[in-house]
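> compute the structure for the input listed below.
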Amino acid sequence: MAAFKWPDELVFIKNRRARQKTTTVDMTGKLCVVSGSTSGVGLAAVRRLARAGAHIVMLVRNHGKAAAVQRDLRAHTPAPVEVILADFSDLGSVRAAAERLLRDYPRIDVLINSVGLFSTSRALTSDGFETVFCVNHLAPFFLTHLLLERLRQSAPARIIQVNSEGHRFGGLDLADLHWERRRYNGYRSYGASKIAQLLTTWEFADRLHDTGVTINAMHPGDVRTNIGNNNGPLYRWFQRIAIGPMLKDPAISGEALYTLAAAPELANVSGRFFHLTIDEKPAAPALDRKLGRQVWEASLRLTGLTPAP
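Presented below is the predicted three-dimensional model:
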């Protein structure tokens, strides 16, 4: 009997149960910049990277939470751990964080964009961007661009985008990126931000070809995080009672991110999407390279990296 072949749209069901790749590489002396690192996936990543000896720079919005993580990591690992404030709903704050990184750190070996937001209601940033789109896509895009030359100078270096199977929700509309015309839908807004990130990941990969810098995206697994805690009590109740019991410890995300950041066999792998550590084909809209070039140009314009027409 022929083995069952999962359709591309459902292969993530198989991959969530697959045996994941691991590594034991020592990362002593490697500088790893991780955003969103006071809880959930980002926190799991810095804990695992710190245990491997990496020099950690946490990009965070809440200094008090970051200081507690910093004390814990310093008490239990050999890793140097530093904190830089960066609010990913404010591109000015992201620019300031990038400027400090470029000033204080002569090399960056790993950049992990793991900050994330899910919202059941539409809100705008002070710059007029839909907040989920800004936090999940525009701000990490902007940060990566600002650090790109330093990453090239540090090669071999790796960029990892913490994406999501939620990109399969869809929702990306270049004519309405900020949900001004459509009725807002939190799942489709989240999906739009993650599709945009994937599309620009392939564009980054093309531009980084043969530079020694790789960029990949990954789904961090079905794990417990604080994403969505900014929403109302009904959503939080549903998340805790209906969804929470099915979720796993985010330590599996940290292990996967460490593997993607360190495994020697991935040194030259770029422009891929991983379910944890399993190479996976994303949804069709996230593979539309014509759309990707349009999203790239729009992202440059919205972040001020190219002037508005």
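
> going forward, measure contacts and count neighbours with C-alpha atoms only.
Will do.

> how about Glu211, nearest residue that isn't a chain neighbour?
Actually, residue 211 is Thr. It isn't Glu. In space, Thr211 comes closest to Arg152 once its chain neighbours are excluded; the distance is 6.4 Å by Cα to Cα, 6 or more residues apart in numbering.

> what sits against that neighbour?
Taking Cα atoms under 8 Å, 6 or more residues apart in numbering as the definition of contact, the neighbours of Arg152 are 211-213.

> go again with 10 Å.
If a contact means Cα atoms under 10 Å, 6 or more residues apart in numbering, then Arg152 has 107-109, 158, 208, 211-214 as its contacts.

> which parts of stretch 295-309 are buried?
The neighbour-count criterion (16 or more other Cα atoms under 10 Å) identifies 295-296, 298-300, 302-303 as the buried residues of stretch 295-309.

> which of the residues you listed sits closest to Glu130?
Nearest to Glu130 among the buried residues of stretch 295-309, counting by Cα to Cα, is Leu302 at 11.7 Å.

> Leu138 is in contact with the closest one, correct?
Yes. The criterion here is Cα atoms under 10 Å, and Leu302 meets it with Leu138 at 7.9 Å.

> quick one: the strands in the stretch 151-300 of the chain, in order.
Taking DSSP state E, counting those that start in this stretch as the criterion, the stretch 151-300 of the chain carries its strands at 157-162, 213-219, 273-275, 278-280.

> circling back: quick check: the two most widely separated of the contacts of Arg152?
Of all pairs drawn from the contacts of Arg152, the one with the longest distance (Cα to Cα) is Arg107 and Leu208, at 16.8 Å.

> low pLDDT regions in the stretch 201-309 of the chain?
223-249, 307-309 (pLDDT under 70).

> could you rerun that using 90?
Segments of the stretch 201-309 of the chain classed as low confidence (criterion: pLDDT under 90) are 221-251, 306-309.

> all helices for it, in order.
Ranges of helices within the stretch 201-309 of the chain are 233-238, 251-262, 289-302, based on DSSP state H, counting those that start in this stretch.

> so in terms of bridging, what pairs with the residue positioned nearest the centre of the chain?
Within the chain, one residue has its C-alpha closest to the average C-alpha position: by Cα atoms, centre = their mean, that is Val162, at 2.7 Å. The residues listed as beta-bridge partners of Val162 by DSSP bridges are Met218.

> try Val110
When assigned by DSSP bridges, Val110 has beta-bridge partners Cys32, Arg158.

> so what's it up against?
In this structure, Val110 makes contact with 30-34, 54, 56, 151, 154-160, 213-215, 261-262, judged by Cα under 10 Å, 6+ apart.

> from the residues you listed, list just the buried residues.
30-34, 54, 56, 151, 154-160, 213-215, 261-262.

> for Ala175, see how far away Arg181 is.
9 Å (Cα to Cα, to the nearest Å).

> actually Gly271, not the one I typed
Counting by Cα to Cα, the gap between Gly271 and Ala175 amounts to 26 Å.

> mean confidence score for stretch 26-36?
Confidence over stretch 26-36, taken as the mean pLDDT, stands at 97.

> and that stretch, how far out from the chain's middle?
With Cα atoms, centre = their mean, to the nearest Å as the basis, stretch 26-36 stands 15 Å off its chain's centre.

> got the end-to-end distance for that stretch?
Start-to-end span of stretch 26-36 (Cα to Cα) is 23 Å.

> hang on, the earlier thing: so which of the helices of the stretch 201-309 of the chain gets nearest Val46?
Distances from Val46 to each of the helices of the stretch 201-309 of the chain were compared using Cα to Cα; the minimum, 7.4 Å, belongs to helix 251-262.

> helices and strands around the closest one, which ones?
Counting contacts by 3 or more Cα pairs under 10 Å, 6 or more residues apart in numbering; DSSP states H and E, helix 251-262 is packed against helix 40-51, strand 110-113, strand 157-162, strand 213-219, strand 273-275.

> got a markdown table for these, with distance to Asp26 too?
Below are these laid out as a markdown table (distance: least, Cα to Cα, whole Å):
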| stretch | distance to Asp26 |
| --- | --- |
| helix 40-51 | 9 |
| strand 110-113 | 14 |
| strand 157-162 | 15 |
| strand 213-219 | 19 |
| strand 273-275 | 22 |
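
> can you say which of these is nearest to Glu82?
Using Cα to Cα, the helices and strands packed on helix 251-262 put helix 40-51 closest to Glu82, at 11.1 Å.

> which element follows that closest one toward the C-terminus?
Once helix 40-51 ends, the next helix or strand along the chain (criterion: DSSP states H and E) is strand 55-60.

> can you list the strands that that following strand pairs with?
The sheet places strand 55-60 alongside strand 31-35 (parallel), strand 81-85 (parallel), with pairing taken from DSSP bridges.
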